[in-house]
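1. Sequence plus the predicted model coming up.
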Protein chains: 2
Amino acid sequence: MRSRFMQIAGEALRERGYKLTEPRLAILDYLARHDGHPAIQEIYKGIRKKHPGIGMATVYRTLDLFTSLGLVRVLTLESSRLHYEINWPHAHHHHLICTVCGRVIEFSNCNFQQLAAEIEKAAQFTIEEHTIKAYGKCSQCDRSR
Amino acid sequence: MRSRFMQIAGEALRERGYKLTEPRLAILDYLARHDGHPAIQEIYKGIRKKHPGIGMATVYRTLDLFTSLGLVRVLTLESSRLHYEINWPHAHHHHLICTVCGRVIEFSNCNFQQLAAEIEKAAQFTIEEHTIKAYGKCSQCDRSR
DNA sequence: ATGGTAACTGATAATGATTATCATTACCTG
DNA sequence: CAGGTAATGATAATCATTATCAGTTACCAT
Ligand SMILES: [Mn+2]
Ligand SMILES: [Mn+2]
Ligand SMILES: [Zn+2]
Ligand SMILES: [Zn+2]
């Protein structure tokens, strides 16, 4: 739930001594209310409708902070910019990326536990996070379907 | 095998009407001879020892070309630069990234076939490629091991 | 409520990677 | 050898991100 998450996020900030400021709340709110995987520039434009005056540098700083706190996830779709999304609790998922139209589709059934265990043993590595991206053609772009 | 791959790569270029030029051969050779996942700047420095005169712009162009031909794979480790590696045939693998020291470890046992089939059916998506990255701590950096 | 203070911010400049431009060169084909 | 296209290197331009810094604000303790 949106408001529940805002509450959790607020606590996460307070707990670690971060202040609840207008830019932080605005960006969190924007991400929570908009589906998709916006890049910084899109987030910047989005929040400025209600909060002109917030500067681009602050958007960068804020997203870095949120990422380090685990409140948002970063995602590289094209190489040039980073894309962001709320890291909703209990909504672990990954992405399918259409190489024709760029559409991004989410999927959640990555059964990674077993693979992770194998890898950790074989490589002597402690896995904390993982990301999977699959590239191909979405149903609209694949003529053969 | 290195020379075998150079041969395959040469054919791939010729077939599609690309010329076998000094920069192209030098970059291919550099990547084939050096393990790891160098960024452009490192590749540039590497080839210039034997081939001063090759310009940075050509390195960019060449790596884009190789990527589009499937001869090399691109990899985002930090957000700021792209990293490259030879896409050796029959050597499918993915990467573990240590969040402490940055070391990159490869693993090849990703059994993705089953998952891919599930996803393709559920999402109506045709998967052509996939990448998996796992973040965590390598054995040198994990005190608890 | 007020004041003190470190955290935070917005504007701006600086950086660094990537891309575009363009004149020159290398390579074919005939 | 001439003509034509692909490819290159130098350079400038672009664009995302980061650093700087002076002014502002949230928050805690009075
Ligand atoms: Mn997503
Ligand atoms: Mn690799
Ligand atoms: Zn598509
Ligand atoms: Zn490590």
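-> That came through, no problem. Residues are numbered from 1 along each chain as shown, chains lettered A, B, ... in the order given. Ligands and ions are numbered 1, 2, ... in the order given.
2. Going by C-alpha atoms from here, please, whenever you check contacts or count neighbours.
-> Will do.
3. Pretty sure residue A:32 sits in a helix.
-> Yes: assignment of residue A:32 by DSSP: H, G, I helix; E, B strand; the rest coil places it within a helix.
4. My guess is it contacts residue A:84. True?
-> No: distance between residue A:32 and residue A:84: 11.0 Å, which falls outside the contact criterion (Cα atoms under 8 Å).
5. Show me what the strand ranked longest in chain A is packed up against.
-> Longest strand in chain A by number of residues (criterion: DSSP state E): strand A:125-138. When contacts are defined as 3 or more Cα pairs under 8 Å, 6 or more residues apart in numbering or on different chains; DSSP states H and E, strand A:125-138 packs onto strand A:94-98, helix A:113-123, strand B:125-138.
6. Let's see that with 10 Å instead.
-> strand A:72-76, strand A:94-98, strand A:104-107, helix A:113-123, strand B:94-98, helix B:113-123, strand B:125-138 (3 or more Cα pairs under 10 Å, 6 or more residues apart in numbering or on different chains; DSSP states H and E).
7. Next, see if it gets close to ligand 4.
-> No: shown here: strand A:125-138 not in contact with ligand 4 (Cα under 5 Å from the ion), separated by at least 8.9 Å.
8. Sheet partners, orientation included, of that strand?
-> With DSSP bridges as the test, strand A:125-138 is paired with strand A:94-98 (parallel), strand B:125-138 (antiparallel).
9. For the first one, what does the pLDDT average out to?
-> When you say that, I think you mean strand A:94-98. Averaged over strand A:94-98, pLDDT sits at 96.
10. now stretch A:48-56
-> Average pLDDT, stretch A:48-56: 97.
11. Now do the end-to-end distance for it.
-> With Cα to Cα, to the nearest Å as the measure, stretch A:48-56 spans 10 Å from end to end.
12. how distant is it from the center of its chain?
-> 21 Å (Cα atoms, centre = their mean, to the nearest Å).
13. Would you mark the buried spots in that stretch?
-> Residues of stretch A:48-56 classed as buried by neighbour count (16 or more other Cα atoms under 10 Å in any protein chain shown): A:48, A:54.
14. before we move on, what about stretch A:99-114?
-> Neighbour count says stretch A:99-114 has A:104, A:107, A:110 buried, by 16+ other Cα under 10 Å.
15. correct me, but the first one touches residue A:35?
-> Just to be clear, that refers to residue A:104. No: counting by Cα atoms under 10 Å, residue A:104 does not reach residue A:35; the two are 11.2 Å apart.
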